[in-house]
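Undergrad: Need the 3D shape of this:
(one chain, ligands or ions: 1)
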Amino acid sequence: MAKKLTAVYPGSFDPITFGHLDIITRACQLCDRIIVAILVNPHKSPLFSINERLEQIRHATRHLPQVEVDSFSGLTVTYARMQNANLLIRGLRVISDFEMELQMAHTNKTLAPEIQTLFLATSNEYSFLSSSVVKEIARFGGPIDHLVPAEVAIALSQKFAAHSNPALCP
Ligand code: PNS
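TA: Next comes the predicted model:
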């Protein structure tokens, strides 16, 4: 009998983009269970709270029954072990992603040799896309409907409307 594959797809997802969704959707064709896991990173100041990101990802993946959404702190491999995962999924967009991703994969391999990193090439149409790019466009009021799910686009415009109108910020 084939081994059941449980994958953790870790990241910041601040916010989730169509590039992330492309990777999640394609990972669903390969794995029995996929946990999209948001790192709670005390060294970063994210635009969206963990709860906002959990909700955004749950909504964006609600049509994919294998997908669970969670958050974690600490090492990715510790979390993956806790979930009995045998795979870590990471997307590769461009060559420049590769250097850091390979280093991370090798590091994780030394920490948890039983867990494999599986790289999926992001589809060409999203190879330029990152959460930072989306935030940059949204900050200046540019169109982002082709880059993120509708709910995320709305949430981004609300965030930046609140930021640009200090009277609305407590
Ligand atoms: O979406 P991101 O910011 O590229 O995701 C990076 C992430 C969360 C996958 C990476 O920073 C990570 O795994 N952090 C947890 C700490 C850890 O396990 N470090 C060891 C591997 S370098």
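
Undergrad: contacts and neighbour counts: CA atoms only from here.
TA: Noted.

Undergrad: Show me what the top helix by length along the chain is packed against.
TA: Ranked by residue count and defined by DSSP state H, the top helix of the chain is helix 95-111. Judged by 3 or more Cα pairs under 8 Å, 6 or more residues apart in numbering; DSSP states H and E, helix 95-111 is in contact with strand 87-92.

Undergrad: One more pass at 6 Å, please.
TA: Under the contact criterion of 3 or more Cα pairs under 6 Å, 6 or more residues apart in numbering; DSSP states H and E, helix 95-111 touches no helix or strand at all.

Undergrad: got the angle between that helix and strand 87-92?
TA: Relative orientation of helix 95-111 versus strand 87-92 (axes from the mean of the first three to the mean of the last three Cα atoms, to 10 degrees): 160 degrees.

Undergrad: Let me see the contact set for Q158.
TA: By Cα atoms under 6 Å, 6 or more residues apart in numbering, Q158 lies in contact with nothing.

Undergrad: what about it, which helix or strand?
TA: Q158 is part of helix 150-164, with elements assigned from DSSP states H and E.

Undergrad: I'd like the distance from that helix to the chain centre, please.
TA: 19 Å (Cα atoms, centre = their mean, to the nearest Å).

Undergrad: Show me where the protein has its helices.
TA: Assigned helices in the chain, in chain order: 18-28, 50-60, 76-82, 95-111, 131-139, 150-164 (criterion: DSSP H).
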